[in-house]
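1. What would the 3D arrangement of this be:
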Amino acid sequence: MTNLRLFDPAFGDNLESTMRRFFSPTAWEQELPALKMRVDVTERDNAYEVKADIPGVKKEDINVRIDGNVVQIDAEVKRESESKDKAGKVLRSERYAGTVSRTFSLADDVDEGKAEAKYADGVLTLQLPKKATAAARKVTVQ
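-> Numbers count the residues shown, from 1 in each chain. Have a look, this model is predicted:
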């Protein structure tokens, strides 16, 4: 038995590593990145302000749900990428469709009726007023 092996970089130890190298993306191919949502939450005396980065999404494809102190933001993304040669013939066409969602809870309940949402330049801004809490009342002992 010998420990000598023929080394050929084009054909590695096993078929799996060879196929992985063969089908790996070339430098000019770039995958469409998965959508990520980054969220900033700021608390003020009577409201919360939420800013969520959701680039490349139409405002019609954004849903915001509020249930007490829980806020959920959902967005549906549809992206298309196409590469053509000089003659205008399509060489590669890629489509990406997916959803992204963030759910978080706040310290206080939100007044859903007064909540506002605006979407501009890829940033969703929510103004979430805190629900008025009943003032503590003194109970007289009889």
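
2. which residues touch stretch 60-79?
-> Residues from elsewhere that reach stretch 60-79, judged by Cβ atoms under 8 Å, 6 or more residues apart in numbering: 32, 35, 37, 39, 50, 52, 54, 56-57, 95-110, 112, 115, 117, 119, 124, 126, 128. Yep, even glycine has a C-beta here, placed from its N, CA and C like the rest.

3. Can you say which of the residues you listed are buried?
-> 35, 37, 50, 52, 54, 57, 100, 102, 106, 108-110, 115, 117, 119, 124, 126, 128 (16 or more other Cβ atoms under 10 Å).

4. what are the ranges of the strands in this structure?
-> Assigned by DSSP state E, the strands in the chain fall at 38-43, 47-53, 62-67, 70-84, 90-105, 116-120, 123-129.

5. Report all helices and strands that the shortest one contacts.
-> When contacts are defined as 3 or more Cβ pairs under 8 Å, 6 or more residues apart in numbering; DSSP states H and E, strand 116-120 sits against strand 62-67, strand 123-129.

6. mind running it again at 10 Å?
-> Judged by 3 or more Cβ pairs under 10 Å, 6 or more residues apart in numbering; DSSP states H and E, the packing partners of strand 116-120 are strand 47-53, strand 62-67, strand 123-129.

7. Work out the gap between the last one and the centre of the chain.
-> Okay, so that is strand 123-129. For strand 123-129, the separation from the chain centroid amounts to 17 Å (computed by Cα atoms, centre = their mean, to the nearest Å).

8. go on, the first one?
-> Mean C-alpha position of strand 47-53 versus that of the full chain (Cα atoms, centre = their mean) differs by 15 Å.
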